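A.B. asks: Okay, here's the prediction I keep looking at, along with the sequence it came from:
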Amino acid sequence: MGEIIVGIDLGTTNSEVAVVREGRVEMIPVSAEGPILPSVVGIGPAGELLVGAEAKNQAILYPERTVRSIKRRMGESGKVSLGGTDYSPQEISAMILARLKQVAESHLGQPVGKAVITVPAFFSDAQRQATREAGEIAGLEVVRILNEPTAAALAYEKRVEYARKVIVYDLGGGTFDVSVANIENGVVEILSSHGNNHLGGDDFDRRIQQRLESRVREGWGVDLSENRVALARLQRASEEVKRLLSDRPFGTVSEEFLFEKDGLPVHLTLEISREEYEEMISDYIEETISCVRVALSNAGVAASEIDEILLVGGSTRTPLVSRRLEEEFGRQPRFEVHPDLCVAMGAAIQAARIAGVESGQVLVDVTPYTFGTSALAELEDGEISPFAFVPLIRKNTPIPVTKSEVFFTVVDNQDAAEVFIYQGENSDVRQNIEIGNFLLDGLANRPRGNEIVLLFSLDADGILQISAREKATGLERTLTIDRQVERFGQEELDRSRERVAALLGDETEFAASPDDRETVAADLRARAEALLPDLSGEDREDLSARIADLLAALEGGTEEEFDEASEALEDLLFYLES
Ligand code: AMP
């Protein structure tokens, strides 16, 4: 088997891993329940690391030993406490990624060292960097950071052969993204992206939870804000009733022994109608609709030109979402691709393209932000302001892209120039976000007007590099952006990797050792032997022959021969079992 690059959707609520094998996208199961791994990390009673459903299940009993929705914290410099130890958001995300890496390795029977990881199109540079670092800590080389809506469009693109303009409306647990894309002849071109990094299904849960808490305050005069266990239970109940309200007009929250009052247990029961719920979240939904309008206008596309609305993310199951989109576009949105899985599927398609497994699909992505610098400018009243924003790379420019612009020194014998880098859309830099600055010093003694060439390069991952060069002398400085968040140094990355690996135990250290081959063979053999008594004729002969091949390869074959034999048997088992 050749090099494998997996595609990973590292979601706020859930994460998935997928791979393309033999031209087909395969979702990799993480448990008997399927491919969805809750993005929850916890420390179990014996100090062991829990990732996924086990961590989610203990969240109620041990909220202090459980972390969820870490994606919302990515790119921040603060730490989160997990079981009394502080971890960076990257480290927590790395625990999720490491688990996905593990399941992929045991499913594929070979080490997995590379991944394409998706992020919301609207993720900032610091958030993308943090995602890449999380991958590195988990022992994965992140070969591409891919925008989620682009990934979804890629998964969708597999199914269409004619030109279409589509909206990808992606509402997950913690983020909202909308993109306008052109899909034609195998090319996915993202025309614009817009969104809100802090809007999603978690916010809907919180609104319901607030309603429940105020019910407790009004009914029993009890403030639950210090009762972590009760709060965790309400959080879970809120999410459950929210899901229910997607299918039914009414839902009931019923929590027994939620808390004690005057030594007596209190049960909370509350019925919520879909109408009430929709009222609670309507401002959020309206905000997403405003973003859709902005994305359309940035793309220069009219609502009437849209052929299809693709719904991505678990929260698009909320009926109000489809209803509002239908009102807006006069057509029904479609769940063409599985809304929970299509991002991972698209990531796997892109990963396969990078690995050279599959070609023919071209992807054009755009930057959702404008990047530029500051310069002196004359205002209308003749005053000189140092706060004028000079954009070098404008938002919605296809990436990768490199742009340069020449600047001039303003005084004679100026020996240094300070360069500030901003991200934003305002003509006044003070309204934008400063993402870095550096000093180009040691300039030659020259009259003012000495030329400085500034070069901005934005790569396909949306990561920015800047260089400033004095034209006359070639003196140059390249910026490792002094981001809002300190970039991890290699040492710190190594330390994090050790911490995470120690928590995960030896399982991360995958090696195709003889022992593993024996385990693989034993598993396959057990499955085959369970089937054999039910088979007859050709099927039975085929299966027996492939078991024999496998055992022969195990005895004296090369690694390749073993892989080949185990795959052949696996394929046949898959066919016979289904
Ligand atoms: P994602 O980040 O795409 O995995 O989406 C997760 C979000 O979808 C969470 O906030 C879930 O509560 C929400 N979700 C999942 N199923 C439903 C449903 N049936 N109705 C409403 N929201 C849902």
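C.D. replies: Thanks, I have the structure now.

A.B. asks: pLDDT at the residue nearest to Ile5 when sequence neighbours are not counted, what is it?
C.D. replies: In space, and not counting its chain neighbours, Ile5 is closest to Ala351: 3.9 Å by CB to CB, 6 or more residues apart in numbering. The C-beta positions use only the backbone N, C-alpha and C, and glycine is treated the same way. At Ala351, the model reports a pLDDT of 92.

A.B. asks: Enumerate every residue touching Gln417.
C.D. replies: Small correction: residue 417 is Ala, not Gln. Ala417 is in contact with 407, 409, 439-441, 443, 452, 468, counting by CB atoms under 8 Å, 6 or more residues apart in numbering.

A.B. asks: Emit the PyMOL select command for whichever of those residues are buried.
C.D. replies: In PyMOL, this line selects whichever of the contacts of Ala417 come out buried by 16 or more other CB atoms under 10 Å:
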select buried, resi 407+409+440+443+452+468
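
A.B. asks: Out of the contacts of Ala417, the closest to Glu564 would be?
C.D. replies: Distance to Glu564 across these (CB to CB) is lowest for Ala468, with 54.5 Å.

A.B. asks: which SSE is that closest one in?
C.D. replies: strand 464-470 (DSSP states H and E).

A.B. asks: per-residue confidence averaged over that strand?
C.D. replies: Strand 464-470 shows an average pLDDT of 90 in the prediction.

A.B. asks: Could you list every helix and strand in contact with it?
C.D. replies: Applying 3 or more CB pairs under 8 Å, 6 or more residues apart in numbering; DSSP states H and E, we find strand 464-470 packed against strand 416-423, strand 433-441, strand 451-458, strand 476-479.

A.B. asks: Show me what counts as buried in the next helix or strand after the last one.
C.D. replies: Read in the C-terminal direction, the helix or strand following strand 476-479 is helix 490-504, with elements assigned using DSSP H and E. Of the residues in helix 490-504, those buried under the neighbour-count criterion (16+ other CB under 10 Å) are 493, 496-497, 499-501, 503-504.

A.B. asks: Go through the helix or strand hosting Thr402 and flag the buried ones.
C.D. replies: Following DSSP H and E, one finds Thr402 within strand 401-408. Neighbour-count burial for strand 401-408, with 16+ other CB under 10 Å as criterion, is recorded at 401, 403, 407.

A.B. asks: Keeping just the C-alphas, turn that strand into PDB.
C.D. replies: Output in PDB follows, covering the C-alpha atoms of strand 401-408 (Å, rounded to 0.1, in the frame of the first residue of the first chain):
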ATOM      1  CA  VAL A 401      -1.100  34.400  -3.600                       C
ATOM      2  CA  THR A 402       1.900  36.700  -3.400                       C
ATOM      3  CA  LYS A 403       1.600  40.500  -3.600                       C
ATOM      4  CA  SER A 404       4.200  43.200  -3.300                       C
ATOM      5  CA  GLU A 405       4.100  46.900  -3.000                       C
ATOM      6  CA  VAL A 406       6.800  49.600  -2.800                       C
ATOM      7  CA  PHE A 407       7.000  52.000   0.100                       C
ATOM      8  CA  PHE A 408       9.300  55.000   0.600                       C
END
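
A.B. asks: Partner strands of it, with direction?
C.D. replies: The strands beside strand 401-408 in its sheet (DSSP bridges) come out as strand 451-458 (antiparallel).

A.B. asks: ok, back up a step: hey, what's the angle from the strand holding Thr402 to strand 416-423? Just curious.
C.D. replies: On the basis of axes from the mean of the first three to the mean of the last three CA atoms, to 10 degrees, strand 401-408 is oriented at 140 degrees to strand 416-423.

A.B. asks: Now do the same contact list for whichever residue of the stretch 101-250 of the chain sits closest to the ligand.
C.D. replies: The minimum distance from the stretch 101-250 of the chain to the ligand, using CB to the nearest ligand atom, falls at Gly201 (2.1 Å). Contacts were defined as CB under 8 Å, 6+ apart; by that measure Gly201 touches 13, 171-174, 239, 242, 313-315, 318.

A.B. asks: rerun at 10 Å
C.D. replies: Shown in contact with Gly201 (CB atoms under 10 Å, 6 or more residues apart in numbering): 12-13, 69, 171-176, 239, 242-243, 281, 284, 313-318.

A.B. asks: Near the ligand, list only the ones from the residues you listed.
C.D. replies: Taking CB under 6 Å from any ligand atom as the test, the ligand is in contact with 12-13, 172-173, 239, 242-243, 313-315, 317-318 out of the contacts of Gly201.
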